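Visitor: Model the following, please.
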Amino acid sequence: MKLFVVSTNPIAGGRFVDTERFPKLEFIAESPSLAIPNLKNLTLQEQSIPGRGNENRTAWAFRLELAPEDAPGLKTVTTSNVLKRFLITIGDEPVFAATINGPLGIGVLEIKCEQRARMEFLKEKLATVKRVGQ
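Guide: Numbers count the residues shown, from 1 in each chain. Now for the predicted structure:
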């Protein structure tokens, strides 16, 4: 799994990301900002989100707990790139993009989605990431 910080400006040696899932996302470097070879733990939780009136929406949250040796790298990348977009790839396939809302100093990355098809896609892709001790 790799994490790339996304830039609105071209990056020397980098590439423009424009896929069906991520149309015209912008530019990423040739090398990731952080490579995460293993996860310590991965959980999926279904959540109920209050909506208008008495209607609730369903959302899913993936909690990716990094191996202890990768946690400092996540903190460094997220601290220096607050409010920038990032892209997660598994292999060379882009699987998730979002904005870094703040530093992630505890080695945990949470990915939320409200579309069931998106959740199923992420679940399938994240299942391929090795776990510590496997």
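Visitor: State whether residue 28 and residue 4 are indeed in contact, as I suppose.
Guide: Yes. Contact between residue 28 and residue 4 holds when scored by Cβ atoms under 8 Å: they sit 4.0 Å apart. The C-beta positions use only the backbone N, C-alpha and C, and glycine is treated the same way.
Visitor: Give me the common contacts of these two.
Guide: Jointly contacting residue 28 and residue 4 under the rule Cβ atoms under 8 Å, 6 or more residues apart in numbering are residue 87.
Visitor: where exactly do the strands run in this protein?
Guide: 2-5, 15-17, 26-28, 34-35, 39-50, 56-66, 85-90, 93-99, 108-113 (DSSP state E).
Visitor: which secondary structure elements does the third one contact?
Guide: If I follow you right, that is strand 26-28. Under the contact definition 3 or more Cβ pairs under 8 Å, 6 or more residues apart in numbering; DSSP states H and E, strand 26-28 sits against strand 15-17.
Visitor: follow-up on the earlier one: can I get the strands of the chain in TSV with mean neighbour count and distance to residue 74?
Guide: As requested, the strands of the chain are exported to TSV (neighbours: other Cβ atoms under 10 Å; distance: least, Cβ to Cβ, whole Å):
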stretch	mean neighbour count	distance to residue 74
strand 2-5	22	8
strand 15-17	14	21
strand 26-28	20	17
strand 34-35	15	6
strand 39-50	12	12
strand 56-66	16	6
strand 85-90	20	11
strand 93-99	16	14
strand 108-113	16	7
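Visitor: With distance to residue 129 and mean pLDDT as extra columns, can I get the ones you listed in a markdown table?
Guide: Shown next, in a markdown table, are these (distance: least, Cβ to Cβ, whole Å; pLDDT from 0 to 100):
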| stretch | distance to residue 129 | mean pLDDT |
| --- | --- | --- |
| strand 2-5 | 11 | 96 |
| strand 15-17 | 20 | 96 |
| strand 26-28 | 19 | 97 |
| strand 34-35 | 12 | 95 |
| strand 39-50 | 5 | 90 |
| strand 56-66 | 8 | 91 |
| strand 85-90 | 6 | 96 |
| strand 93-99 | 10 | 94 |
| strand 108-113 | 12 | 90 |
